[in-house]
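# All I have is the shape, not the residue letters:
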């Protein structure tokens, strides 16, 4: 009996201490845990003739992550940016950037804030996940506390994870992204 009581107490703490995702949230499809697969779903805030997401790779065929409908003849004479969004390392294939063309003028989007500005209003779940990614939040398909969402007219609400920079431990967060402004709010 002395062993049974502490064991039951420990088990009840584990069961009742865990957070649960509300029943009205849906599972984020596993394919959306890969950032590179989110770009085709972007509906830019402004109208562009063409836009493309690239990684910093000198080989043009390996650099392209996603291309919108490109015109038949187009040359970009501007040098690629030195830094980009989702910086992973130094050297080749370490970051991504976006180039958009309008009226024969090219514009680079090369940091997280510029990517958020390019997206603008949040039209769909992949855009919401991309915005969350720019703040360090990611989808972990193996855990509902890190891969659930609900959408309404005002917000996309998400349960995602983020690596704590101090401890290196994965924290689970409930965040809301305002669909009109793209602003992210962390809810505790």
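In hand now; what should we look at? Owing to the predicted nature of the structure, the values given are computational and were not obtained by experimental measurement.
# Okay, residue 81 and residue 185: tell me how far apart.
Per CB to CB, to the nearest Å, residue 81 is found 29 Å from residue 185. Heads up, the C-betas are built off the backbone N, CA and C, glycines and all.
# Strands of the chain, residue ranges please.
Assigned by DSSP state E, the strands in the chain fall at 26-27, 50-55, 64-67, 96-102, 105-109, 148-151, 155-163, 170-178, 184-187.
# got the domain boundaries for the chain?
Using automatic domain parsing, the domain parsing of the chain gives 20-36+121-187, 45-117.
# Please identify the most buried of those domains.
domain 20-36+121-187 (a mean of 16; mean count of other CB atoms under 10 Å).
# chain center to that domain: distance?
Distance of domain 20-36+121-187 from the chain centroid (CA atoms, centre = their mean, to the nearest Å) equals 8 Å.
# picking that back up, turn the domains of the chain into JSON lines, including mean pLDDT.
JSON lines is the format used below for the domains of the chain (pLDDT from 0 to 100):
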{"stretch": "domain 20-36+121-187", "mean pLDDT": "93"}
{"stretch": "domain 45-117", "mean pLDDT": "82"}
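# Now distance to residue 133 too, for the strands of the chain, in JSON lines please.
Putting those into JSON lines (distance: least, CB to CB, whole Å) gives the following:
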{"stretch": "strand 26-27", "distance to residue 133": "18"}
{"stretch": "strand 50-55", "distance to residue 133": "13"}
{"stretch": "strand 64-67", "distance to residue 133": "14"}
{"stretch": "strand 96-102", "distance to residue 133": "11"}
{"stretch": "strand 105-109", "distance to residue 133": "14"}
{"stretch": "strand 148-151", "distance to residue 133": "14"}
{"stretch": "strand 155-163", "distance to residue 133": "9"}
{"stretch": "strand 170-178", "distance to residue 133": "11"}
{"stretch": "strand 184-187", "distance to residue 133": "11"}
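# Identify whichever of these lies nearest to residue 33.
Evaluated over the strands of the chain, closeness to residue 33 peaks at strand 155-163, with 10.0 Å, by CB to CB.
# If the residue nearest to residue 187 when sequence neighbours are not counted is in a bridge, with which residues?
Among residues not flanking residue 187 along the chain, residue 174 sits closest, at 4.7 Å (CB to CB, 6 or more residues apart in numbering). Here residue 174 sits in beta bridges with residue 159, residue 187, as judged by DSSP bridges.
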